[in-house]
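**Q** Here is a sequence with its predicted model. Questions after.
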Amino acid sequence: MKRVRRLNPGSQPVDRAASLIVPIPTMDDTTTDSPIRGIYKLPIEITQEIAGYLSDQDVCALGASCRHFKLIIDDNSFWFKRFHATFDPSSIYIVKSGVTNAEDVKDKLKLLYQDRQKRLRGTAFMTGEFRSREKRVIRLLAELIRESYNGKPLFDSNGLLTCNNIEVLKEYAKNTELLEIFSPSKYSQKYNSGLAAIQLMCTSMCFDADLGLHNWNFNLSQKYCYMTAIEAPVFTNADKTMVNVEWLLHVVNFFKYHATNEDERTLFEPFQSLDTLEKPAMWTRSVKDNGGKLGKNWKGTYAYLDRDQMRLMRRAIEDDDDSMVIIDHNIDHGEKAIQTLELDYPGDHPRFKWPTKFEDSLGSRSVEYPPTPVQHNINNTNPPPKNTTAIFFEGEGYDNEEYLAAGWLNPLPEQEGIPGWMRVTMMKYFDDQQGGWHTNALWAYEGVVLPGGHIMLGRWWNPEEPAPGVYVGPFIFWDVDASVGDDDDSDMTDSEH
């Protein structure tokens with residue numbers, strides 16, 4: 001059954017509904033009845049099916065046209081179908097409401113559908129005043145993320161997996177100011193961490209230059225990206241379970257500026273030259289699948305300052321000077337700015353034994369994390385691990401030259417109402433051809449894997465330099481498993497590390 005064109009909003013409700021229904025093949029074109037008389041002869045199921053193609057506004061108009069249609073539209077079965085055509089199943093809501101009867105479930109879903117659509121209505125968002133309405137919207141968006149992929153997955157126009165809730169989130173983001181990260185109105189007070197978490201989940205949309213998003217407060221984000229872990233930690237507590245979502249959002253804002261700003265002549269061209277399946281994308285699995293392995297194929301980039309520039313940045317940080325902007329490097333190397341990384345998960349049979357030196361720098365295994373359903377026995381750690389939920393990975397990639405990597409994934413507790421976060425720690429090193437590594441070319445990485453396992457964000461640093469003068473910068477990686485089969489994942493990168 002095909003959709004028919006939208007009519008003039010000024011039409012009367014009955015005429016508008018009738019003209020939408022008459023072209024449907026279920027009507028007999030030879031009848032002498034008027035369209036409205038013909039509508040009344042349709043079975044209830046057919047009328048509900050037709051109404052399913054109408055907007056919420058047209059459905060309300062149809063229901064208001066007469067008692068006959070009101071009874072059909074008010075039927076809970078109609079709203080049950082409409083809910084599941086728009087959103088992923090909401091088992092959490094049903095469990096919380098304590099409802100078990102089928103008709104009561106349908107009634108609850110009708111109310112939930114209407115409540116959600118009411119909250120999502122409108123184009124204004126986040127004036128900087130986080131009133132109850134804004135907070136309710138943030139909670140709703142977190143709920144949509146949490147329940148994503150509860151139902152049958154879909155495929156978008158690029159052949160990528162998606163789901164109803166992600167499509168609702170994307171549409172809402174396009175029609176509001178949700179993705180105007182660090183806009184002045186929103187940053188006039190302490191940034192809302194719930195909003196930051198939602199914006200992080202939309203990272204891939206932030207890199208879409210076609211959306212025409214503004215680049216706000218880049219100078220501030222640049223300063224945050226080059227702060228040390230003491231000044232701006234990735235995690236805000238000692239056991240590294242609470243994500244500093246605002247700092248991660250500065251990393252997104254930093255790379256967004258370079259990837260969407262054509263005048264800057266940094267990452268814009270490299271990003272535009274990537275195939276669709278090689279670009280950052282929304283997550284393709286339930287965010288509740290925490291503690292599992294990530295994808296195999298990744299692309300990424302990072303930025304650094306030379307030593308003199310870093311000293312200037314240090315002074316700007318100490319003086320709290322937000323006006324200074326310094327030219328970033330690596331991302332100014334054209335297509336070579338994007339490196340590759342291929343991950344492997346050896347389980348109990350790693351090729352590389354995790355050394356004490358790496359552990360001392362990264363603290364990958366010495367932090368006690370909450371237990372998760374996924375347990376892994378890994379016996380290659382020295383010193384002995386306290387945390388038995390982490391997953392060890394090995395990697396290799398290309399960044400001006402071939403490099404090796406080893407690291408850990410640690411599942412984290414729910415953040416801002418969203419499950420599925422992971423801490424990632426990794427040491428990037430270069431083979432010395434003697435079974436070891438070049439000690440003067442180690443680069444430590446610490447960051448966060450966003451829920452869904454599709455994007456990593458964080459900080460790299462030189463572990464050979466002690467704080468406060470440690471050499472640091474931001475990084476981002478994104479999963480490109482959807483593009484496997486292409487044999488051109490050999491992007492080269494001129495860089496210091």
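**A** Thanks, I have it. Residues are numbered from 1 along each chain as shown.

**Q** only C-alpha atoms for contact and neighbour calcs from this point on.
**A** Will do.

**Q** Tell me the buried residues in stretch 148-156?
**A** 148-151 (16 or more other Cα atoms under 10 Å).

**Q** same thing with stretch 110-119?
**A** 110, 112-113, 116.

**Q** And for it, what's in contact with it?
**A** Stretch 110-119 is contacted from outside by 76, 79-80, 83, 133, 136-137, 140, using Cα atoms under 8 Å, 6 or more residues apart in numbering.

**Q** same thing with stretch 140-160?
**A** 88-90, 116, 161-166, 169, 198, 276-277, 284-288, 416-419, 482.

**Q** was I right about His454 contacting Arg285?
**A** No. With contact defined as Cα atoms under 8 Å, His454 does not reach Arg285; the gap is 9.2 Å.

**Q** higher neighbour count, these two?
**A** Neighbour totals were compared for His454 and Arg285, and His454 leads with 23 against 18 (other Cα atoms under 10 Å).

**Q** picking up where we left off before, just the ones of the buried residues of stretch 110-119 in helices?
**A** 110, 112-113, 116 (DSSP state H).

**Q** Put together JSON lines for those residues, with distance to Ala405 and pLDDT on each row.
**A** Below are these laid out as JSON lines (distance: Cα to Cα, whole Å; pLDDT from 0 to 100):
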{"residue": "Lys110", "distance to Ala405": "51", "pLDDT": "87"}
{"residue": "Leu112", "distance to Ala405": "47", "pLDDT": "92"}
{"residue": "Tyr113", "distance to Ala405": "47", "pLDDT": "92"}
{"residue": "Arg116", "distance to Ala405": "45", "pLDDT": "94"}
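
**Q** tell me the contacts of Glu416?
**A** With contacts defined as Cα under 8 Å, 6+ apart, Glu416 is in contact with 142, 193-194, 197.

**Q** which residues of the stretch 201-350 of the chain fall in strands?
**A** Ranges of strands within the stretch 201-350 of the chain are 297-302, 339-344, based on DSSP state E, counting those that start in this stretch.

**Q** got the ones you listed as TSV, with mean pLDDT and distance to Trp354 columns?
**A** As requested, the strands of the stretch 201-350 of the chain are exported to TSV (pLDDT from 0 to 100; distance: least, Cα to Cα, whole Å):
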stretch	mean pLDDT	distance to Trp354
strand 297-302	98	22
strand 339-344	97	15
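
**Q** Adding mean neighbour count and distance to Val472, write those strands out as JSON lines.
**A** Shown next, in JSON lines, are the strands of the stretch 201-350 of the chain (neighbours: other Cα atoms under 10 Å; distance: least, Cα to Cα, whole Å):
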{"stretch": "strand 297-302", "mean neighbour count": "22", "distance to Val472": "10"}
{"stretch": "strand 339-344", "mean neighbour count": "21", "distance to Val472": "18"}
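
**Q** So which of the ones you listed is nearest Glu401?
**A** strand 339-344 (9.9 Å; Cα to Cα).

**Q** Next, the angle from that closest one to strand 297-302.
**A** Calculated by axes from the mean of the first three to the mean of the last three Cα atoms, to 10 degrees, strand 339-344 forms an angle of 140 degrees with strand 297-302.

**Q** quick one: which two of the contacts of Glu416 are the most distant?
**A** Farthest apart among the contacts of Glu416 by Cα to Cα are Ala142 and Ser193. That separation is 11.8 Å.

**Q** Pick out whichever of these two has more residues nearby.
**A** Using other Cα under 10 Å, the more surrounded residue of Ala142 and Ser193 is Ala142, with 23 against 17.

**Q** Report the buried residues of stretch 320-328.
**A** Neighbour count says stretch 320-328 has 322, 328 buried, by 16+ other Cα under 10 Å.

**Q** end-to-end on that stretch?
**A** Stretch 320-328 has an end-to-end distance of 19 Å (criterion: Cα to Cα, to the nearest Å).

**Q** Enumerate the beta-bridge partners assigned to Gln339.
**A** Beta bridges link Gln339 to Gly300 when assigned by DSSP bridges.

**Q** how far away is it from Ile331?
**A** From Gln339 to Ile331 the distance is 10 Å (Cα to Cα).

**Q** got any residues that touch both of the two?
**A** By the contact definition Cα under 8 Å, 6+ apart, Gln339 and Ile331 are jointly contacted by Thr301.
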